[in-house]
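[1] Predicted model follows, preceded by the sequence.
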Amino acid sequence: MRIDVISIFPDYFAPLSLSLVGKAIARGVVELGIHDLRRWTHDRHHTTDDTPYGGGAGMVMKPEPWGEALDAVEALSPSRPTIVIPTPAGEPFTQARAYELAARDHLVFACGRYEGIDQRVIDHCHDTYDTFEVSLGDYVLNGGEVAVLAITEAVVRLIPGVIGNPESLFEESHSDDNDRLLEYPNYTKPPVWRGRAVPEMLLSGNHGAIAQWRRERALERTRERRPDLLAERPPS
Ligand code: ADE
């Protein structure tokens with residue numbers, strides 16, 4: 001997979017050279033390009049924003065540098081890119097969307113700042129490419145950069161071969177194989193820590209009963225913390 005990121009803060013993406021994503025890049029599973037949007041400005045001050053038509057607070061990112069940047073990164077891969085635009089006005093980013101993006105050949109992340117990118121750029125993306133406007137949650141970040149770090153990690157770990165033990169993908173929270181429940185609690189040695197014992201069931205060696213216990217804990221947690229997830233499930 002090829003991933004290109006366009007941002008006015010390219011330094012934000014240094015952590016992508018670490019850990020699992022870094023290894024995927026080092027092994028050539030992922031080819032990563034980080035691009036400074038200012039490269040596609042043509043004035044002395046490398047201006048990327050301007051005041052909004054209609055008035056109001058804040059600044060809006062100008063369309064011209066974005067148009068040139070998207071044309072340039074599109075040419076970096078033979079396949080038509082999928083564009084991802086993080087925005088608090090997007091649809092919620094989910095594990096299902098992460099799986100969908102993990103199957104694409106070329107992802108381009110467009111990081112907005114200020115009050116966002118001129119809407120004509122977004123409309124151009126929807127008309128020209130497969131485009132997803134996604135939100136990490138109901139809160140506002142200063143720009144798309146932190147969202148891109150999170151989305152990239154969520155997507156790259158799903159590319160076949162990136163995670164050493166793919167079985168760990170099955171049981172985790174939000175996975176289909178776990179009926180999209182939150183994950184059950186996990187324990188390791190020692191059996192007693194600061195007076196807190198590991199639940200006896202997990203020491204029983206009875207795999208059927210353990211699976212049942214874990215499912216009950218997962219349901220219990222989901223009911224308490226995310227009743228919306230239970231409401232979405234098909235009746236079973
Ligand atoms: N940019 C600013 N806020 C955001 C959010 N909540 N999710 C994704 N991108 C954002």
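    Sure thing, it's come through. Everything quoted here is computed from the prediction, not taken from an experiment. Residues are numbered from 1 along each chain as shown.
[2] Buried residues in the helix or strand bottoming out on mean pLDDT in the chain, which are they?
    Lowest on mean pLDDT, DSSP states H and E among the helices and strands of the chain sits helix 167-171, with a mean of 82. For helix 167-171, burial by neighbour count (16 or more other CB atoms under 10 Å) applies to residue 169. In this view, the C-beta of every residue, glycine as well, is placed from N, C-alpha and C.
[3] need the next SSE after that helix, C-terminal direction.
    The helix or strand immediately downstream of helix 167-171 is strand 192-193, counting by DSSP states H and E.
[4] Run the chain-centre distance for the following helix or strand past that following strand.
    Downstream of strand 192-193, the next assigned helix or strand under DSSP H and E is strand 196-197. On the basis of CA atoms, centre = their mean, to the nearest Å, strand 196-197 sits 36 Å off its chain's mean C-alpha point.
[5] Need the contact partners of strand 196-197.
    Residues from elsewhere that reach strand 196-197, judged by CB atoms under 8 Å, 6 or more residues apart in numbering: residue 191.
[6] Neighbouring strands - and their directions - for that strand?
    strand 192-193 (antiparallel) (DSSP bridges).
[7] contacts for the strand it pairs with?
    Here strand 192-193 has contacts from residue 198, using CB under 8 Å, 6+ apart.
[8] Now do it, average pLDDT.
    In this model, strand 192-193 has an average pLDDT of 98.
[9] Please, which helix or strand holds the most centrally placed residue in the chain?
    Computing the C-alpha centroid of the chain and ranking residues by CA atoms, centre = their mean puts residue 151 first, at 1.4 Å. Using DSSP H and E, the element containing residue 151 is helix 145-156.
[10] Please save the CA atoms from that helix in PDB.
    Taking C-alpha atoms only, helix 145-156 is exported to PDB below (Å, rounded to 0.1, in the frame of the first residue of the first chain):
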ATOM      1  CA  GLU A 145      -2.800  15.600  11.700                       C
ATOM      2  CA  VAL A 146      -3.500  13.800  15.000                       C
ATOM      3  CA  ALA A 147      -6.500  12.100  13.400                       C
ATOM      4  CA  VAL A 148      -4.200  10.900  10.500                       C
ATOM      5  CA  LEU A 149      -1.800   9.300  13.000                       C
ATOM      6  CA  ALA A 150      -4.700   7.400  14.600                       C
ATOM      7  CA  ILE A 151      -6.300   6.400  11.400                       C
ATOM      8  CA  THR A 152      -3.000   5.300   9.800                       C
ATOM      9  CA  GLU A 153      -2.300   3.000  12.800                       C
ATOM     10  CA  ALA A 154      -5.800   1.600  12.800                       C
ATOM     11  CA  VAL A 155      -5.500   0.800   9.000                       C
ATOM     12  CA  VAL A 156      -1.900  -0.400   8.700                       C
END
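[11] which helix in this protein runs the most residues?
    Taking DSSP state H as the criterion, the chain has its longest helix at helix 207-225.
[12] chain center to that helix: distance?
    27 Å.
[13] Report the buried residues of it.
    Buried-residue list, helix 207-225, by 16+ other CB under 10 Å: 210, 213, 214, 217, 218, 221, 222.
[14] can you count the residues close to residue 180?
    The tally of other residues near residue 180 (other CB atoms under 10 Å) stands at 18.
[15] wait, it sits on residue 233?
    Yes. Applying CB atoms under 8 Å, one finds residue 180 in contact with residue 233, separated by 6.6 Å.
[16] For this structure, which residues are neighbours of the ligand?
    Selection of the chain residues close to the ligand by CB under 6 Å from any ligand atom yields 86, 87, 88, 135, 136, 137, 139, 140, 141, 143, 144, 147.
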